[in-house]
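> Structure, please.
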Amino acid sequence: MSEDRWILLGIVMSVVLLATAVVRWSRRRPNRDPDNAETLRLPKITAVAGWLVAPVGLLLILSAGSGAMDPEDRTPMLIFGIVLFLVAALLVAGYVNWYIIIRDDEIIQRTVTRKLRTIRYDNLDKCRKSSNGAASMLKLWGYDGVVITFNAGAFDASPVLAALERRQTPGR
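Take a look at the predicted model:
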């Protein structure tokens, strides 16, 4: 193996180890809102990633608009810069706006568009558990049409699962 391949392998392994460490750290320490202790937010790495990607997208947009290069090279750079900037804006907006509150009698979720969704456990119509790789997703439907989807592995879903188990127990 050449020296370049060893360097590339080292970089890839470092990135994988760093990403694994960040994911494990964020699972062990959930990001709680300082104003309301029961509110769980997205991991802080979401906002950090958004703020790191935004300047790269902005730089690509500005350099494509400067006119200093061939017009055929500017269009893909402009499109990629806009996409990066929009992804960064979505990551930061998701971090700022999204949260979930899991209580003993209800679950409340605020979406990225700041819409509040609430399902009381006695108003729970159906539930579906799915797993895509490491994430175990839980989708809840209320009788009034409200739908809440969240990662049950990242957030403590034990009150929700206990309420579902109580509902399925005969005689209750």
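> contacts and neighbour counts: CA atoms only from here.
Will do.
> Beyond the helix or strand where W25 lies, next helix or strand please.
Using DSSP states H and E, W25 sits within helix 3-28. As assigned by DSSP H and E, the chain's next helix or strand after helix 3-28 is strand 31-32.
> Quick one: list the elements packing against that next one.
strand 39-41 (3 or more C-alpha pairs under 8 Å, 6 or more residues apart in numbering; DSSP states H and E).
> Give me the contacts around the strand it packs on.
30-33, 95, 98-102, 155 (C-alpha atoms under 8 Å, 6 or more residues apart in numbering).
> quick one: secondary structure of the nearest residue to N97 once chain neighbours are set aside?
Spatial nearest neighbour of N97, chain neighbours left out: V112 (5.1 Å); criterion: C-alpha to C-alpha, 6 or more residues apart in numbering. Using DSSP: H, G, I helix; E, B strand; the rest coil, the structure places V112 in coil.
> Report the contact partners of V112.
93-94, 97-98.
> What subset of these is buried?
Among the contacts of V112, the ones that count as buried by 16 or more other C-alpha atoms under 10 Å are 93-94, 98.
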